[in-house]
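Peer 1: predicted model and sequence follow; I will ask about them next.
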Amino acid sequence: MFIKKTTKRSHGKCYLNHLLVESISTPQGPRHRTVCSLGSLQPAPRHQWLALARKMEAALAGQTSLLPDARVDAVIERVQAAGRRSPAPSQVVALEEAPAVLTIDTDQVEVEEPRMAGPIHVGHQMWKRLELETVLAQAGLGEGARLLTEVMTLNRLVGPCSEHAMPDWVRRTAMADILGRDFSRLQDETLYRNLDKLHPQRVVIERELAARERSLFNLEESIYLYDLTSTYFEGQCLLNPKAKRGYSRDKRADCKQVVVGLVLDGDGFPKAHEVFDGNRNDKTTVEEMLGALEQRVGHRVGATVVVDRGMAYRENLKQIRGCGYHYLVASRQEERGEHLEEFESEEGWQEIVRVPSPSNPAQKKVPVFVKRCVCGEEVHILCRSEGRQEKDRAIREKQEKRMREDLSKLERRIREGRLRAEDKVHQAIGRLKERYPRVARYYQLLYDPAQQRFSWQENLEKKIKAEELDGGYVLKTDRQDLSEEEIWRTYILLARVESAFRAWKSPLLERPIFHHLERRVETHIFLCILAYHLLVCVEKMFLDQGVHTSWATLREQLCTHAVVTVVLQGIGGGTLRIRKGTTPEAIHKEIYETLRIPATLMKPIKTWSPP
């Protein structure tokens, strides 16, 4: 507060007046508000006005001075005589009318409604950076649908749960404070309906988002990484025709599932995805996935498509070439035998040192040896690795042990007469070969129907040949312009798709899926894709600064940055509530600085309840 002198002329006469004035904040900027008029009273010498105003401010707030001041008492009496009105006790006064200085009772200071905010703040800032609001608007979604889509995406990123549990989760976090919206009436049915609105717009959103990321991060789309995973359901999923039993990457053969195909660029950003039937064979998805990729990013002739050995069949390579792309694949296991002599030869090998994975920097540097072979229009890169050799041997020995146990069980069933029908015996033999493809090829299984006798014989020549190839694999490409090291390093980028699948399943918790309608299952997976866009955006910004970290680690560190309500009880009566973010800790500031986002969670909101 301060004292302001005013003069006014009327009918040739000058009138003097003194005002007690305070500064307030308004949406239009700082303004002066008159507390009361002191009339023509001369309160004190001019140079003492500011000190006097501060004493009066304290006295009006209810603070008692240890040294009475007659001048202050006179002014207070004048203010009271002026009839300054106080609002009703139940009235809550807005921010600009709350006292700037308040004498409080420290024993009654309270903190209410603490809400976790840090991870949501980061997710919201990444949402804004990718301009997803504009992307959704261009897809034809209204304001309400855009808001709910952001809420549901941030849920997958920060604290994944079902749509049924999501409203309560939203209210337990600072989502309302950061987004500036009221979610007190949010219901799960509203979220289910939003899934239905979002479903038909998935292709448009994915296409626009890919274009924005390309321009924002200067991404070069010369490499496309394609792989598949599966995700299972709880329940029978009778209303979803794509839910079928098949090869489960989650080791849940007891559950129905769908297969998800994902294409990333060389930097790990998603470009396209498709949801296939749960029993779909990997090699049958390539042509459809190439069409989906063209829908999202256009036709980019000359790019290289990298796929794993499950899609390394000749028809798949022909499909890739037919779309104007180059290919780089790992050949199938049985194709290694064509290069047995080259593997055995000690000449022509080049050593490459594999850098430890960012997720495991303590990992030992394992050398990989590569050799180039030209086979017509293809380049074959033979690779050998000690680490891979140990892995291949362990897998083969484990499968061989299990197969021999199952062969013994089958022989006992036949010998004891519990399995007699010849066709049933051959079906059982076929299932064993299908279950253990890596080792079944060097076993000869024999069944004599006349004697009802089953036996097996080990093919030592094939087994020795397989042992010699442990740790070896072959990469195939039609790129003649790349060196051995460039081809190998391009292929190992495929690990980024596997990393994306791991991120989906933890920390984004894409599985299990509780939906039963096909369109809602597909939209649920799409929300996980959107959350992964935010995740990879965060991790890439850290990687660009030379910091190897994961979203799971950052999320845990950010959870302690919260929004709270500080409750201050005035000694003279009245309550001031201030809703604001806590002061960021050092680790919070470091994260925000790396991401180049503000450390302030929200603009403080003050509410004043007079006595």
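Peer 2: Thanks, I have the structure now. Numbering: from 1, shown residues only.
Peer 1: quick one, what contacts Asp308?
Peer 2: Neighbouring residues of Asp308 by CB atoms under 8 Å, 6 or more residues apart in numbering: 227, 329-330, 494. (Each C-beta comes from the backbone N, C-alpha and C, glycine too.)
Peer 1: can you do 6 Å?
Peer 2: By CB atoms under 6 Å, 6 or more residues apart in numbering, Asp308 lies in contact with 227, 330.
Peer 1: what separation do you get for it and Ser331?
Peer 2: Using CB to CB, to the nearest Å, Asp308 is found at 11 Å from Ser331.
Peer 1: wait, is Glu351 part of a helix?
Peer 2: No: assigned with DSSP: H, G, I helix; E, B strand; the rest coil, Glu351 falls outside any helix and is strand.
Peer 1: ok, and the closest non-adjacent residue to it?
Peer 2: Pro367 (5.3 Å; CB to CB, 6 or more residues apart in numbering).
Peer 1: just give me the longest strand of this protein.
Peer 2: Of all segments of type strand in the chain, defined using DSSP state E, the longest is strand 13-26.
Peer 1: tell me, how many residues neighbour Gln257?
Peer 2: Other residues lying near Gln257 total 28 when counted by other CB atoms under 10 Å.
Peer 1: surely it touches Ser230?
Peer 2: Yes: contact criterion CB atoms under 6 Å: Gln257 and Ser230 qualify, at 4.7 Å.
Peer 1: quickly list what's touching both of these two.
Peer 2: Ser248.
Peer 1: separation between Gly159 and Asp227?
Peer 2: Relative to Asp227, and taking CB to CB, Gly159 is found at 27 Å.
Peer 1: just Glu416 next, same as before
Peer 2: Per CB to CB, Glu416 is found 45 Å from Asp227.
Peer 1: skipping adjacent residues, who's closest to Thr190 in space?
Peer 2: Leu148 is the one closest to Thr190 (CB to CB, 6+ apart), at 6.8 Å.
Peer 1: which other residues reach the host helix or strand of Ala137?
Peer 2: Here Ala137 sits within helix 132-138, counting by DSSP states H and E. Helix 132-138 has contacts (CB under 6 Å, 6+ apart) with 146, 205, 208-209.
Peer 1: cool, stretch 557-564 as well?
Peer 2: Applying CB under 6 Å, 6+ apart, the contact partners of stretch 557-564 are 111, 114-119, 174, 177, 581-582, 584, 587-588, 601.
Peer 1: now, of these, which are buried?
Peer 2: The neighbour-count criterion (16 or more other CB atoms under 10 Å) marks 115-119, 174, 177, 581-582, 584, 588, 601 among the contacts of stretch 557-564 as buried.
Peer 1: count the residues that sit near the residue nearest to Glu351.
Peer 2: Other residues within reach of Pro367, judged by other CB under 10 Å, total 12.
Peer 1: which pLDDT value goes with it?
Peer 2: Note for Pro367: predicted pLDDT of 84.
Peer 1: try the one 4 residues further on
Peer 2: pLDDT for Lys371: 93.
Peer 1: right, and the helix or strand after whatever helix or strand it lives in?
Peer 2: Here Lys371 sits within strand 367-375, counting by DSSP H and E. Downstream of strand 367-375, the next assigned helix or strand under DSSP H and E is strand 378-385.
Peer 1: mind listing the helices for the stretch 501-611 of the chain?
Peer 2: Secondary structure of the stretch 501-611 of the chain (DSSP state H, counting those that start in this stretch): helices located at 518-544, 551-558, 586-595.
Peer 1: buried deepest among the ones you listed, which one?
Peer 2: Per residue and on average, the most neighbours among these fall to helix 518-544, with a mean of 21 (mean count of other CB atoms under 10 Å).
Peer 1: now it against helix 586-595, angle please.
Peer 2: 100 degrees (axes from the mean of the first three to the mean of the last three CA atoms, to 10 degrees).
Peer 1: what average pLDDT does helix 518-544 get?
Peer 2: Summarised as a single mean, pLDDT over helix 518-544 is 95.
Peer 1: before we move on, the earlier item: tell me what angle the strand holding Lys371 forms with strand 378-385.
Peer 2: Angle, strand 367-375 to strand 378-385, by the same axes, to 10 degrees: 160 degrees.
Peer 1: check which helices and strands strand 367-375 sits against.
Peer 2: Judged by 3 or more CB pairs under 6 Å, 6 or more residues apart in numbering; DSSP states H and E, strand 367-375 is in contact with strand 350-353, strand 378-385, helix 484-491.
Peer 1: of the ones you listed, which is nearest His164?
Peer 2: Ranking those by proximity to His164 (CB to CB) places helix 484-491 first, at 42.7 Å.
Peer 1: need the contact list for Ile605.
Peer 2: Taking CB under 6 Å, 6+ apart, we find Ile605 in contact with Arg579.
Peer 1: that one pairs with what?
Peer 2: Bridge pairing for Ile605 (DSSP bridges) gives the partners Arg579.
Peer 1: gap between it and Ala303?
Peer 2: Noted for Ile605: a distance of 51 Å to Ala303, by CB to CB.
Peer 1: neighbours of Thr153, how many?
Peer 2: By the measure other CB under 10 Å, the count of residues near Thr153 is 22.
Peer 1: isn't it up against Ile529?
Peer 2: No: applying CB under 6 Å, one finds Thr153 not in contact with Ile529, separated by 9.4 Å.
Peer 1: what about the stretch 51-200 of the chain, any weak spots by pLDDT?
Peer 2: Residue ranges of the stretch 51-200 of the chain with pLDDT under 70: 51-100.
Peer 1: one step back: among the helices of the stretch 501-611 of the chain, which is nearest Lys476?
Peer 2: Nearest of those to Lys476, taken as CB to CB: helix 518-544 at 28.6 Å.
Peer 1: follow-up on the earlier one: counting by contacts, list what the longest strand of the chain packs against.
Peer 2: Packing contacts for strand 13-26, counted by 3+ CB pairs under 6 Å, 6+ apart, involve strand 2-10, strand 29-39.
Peer 1: and those strands, which one is worst for confidence?
Peer 2: Between these, the one with the least mean pLDDT is strand 29-39; it has a mean of 69.
Peer 1: quick one on the thing from earlier: need the helices and strands packed on strand 367-375 in a markdown table (columns: distance to Leu141, mean pLDDT and mean neighbour count).
Peer 2: Shown next, in a markdown table, are those (distance: least, CB to CB, whole Å; pLDDT from 0 to 100; neighbours: other CB atoms under 10 Å):
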| stretch | distance to Leu141 | mean pLDDT | mean neighbour count |
| --- | --- | --- | --- |
| strand 350-353 | 48 | 88 | 12 |
| strand 378-385 | 47 | 91 | 20 |
| helix 484-491 | 38 | 93 | 18 |
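Peer 1: among those, which is nearest Pro200?
Peer 2: Among the helices and strands packed on strand 367-375, the nearest to Pro200 by CB to CB is helix 484-491 (36.0 Å).
Peer 1: for the one helix or strand the residue nearest to Thr190 maps to, buried residues please.
Peer 2: Applying DSSP H and E as the criterion places Leu148 in helix 143-158. For helix 143-158, burial by neighbour count (16+ other CB under 10 Å) applies to 145-158.
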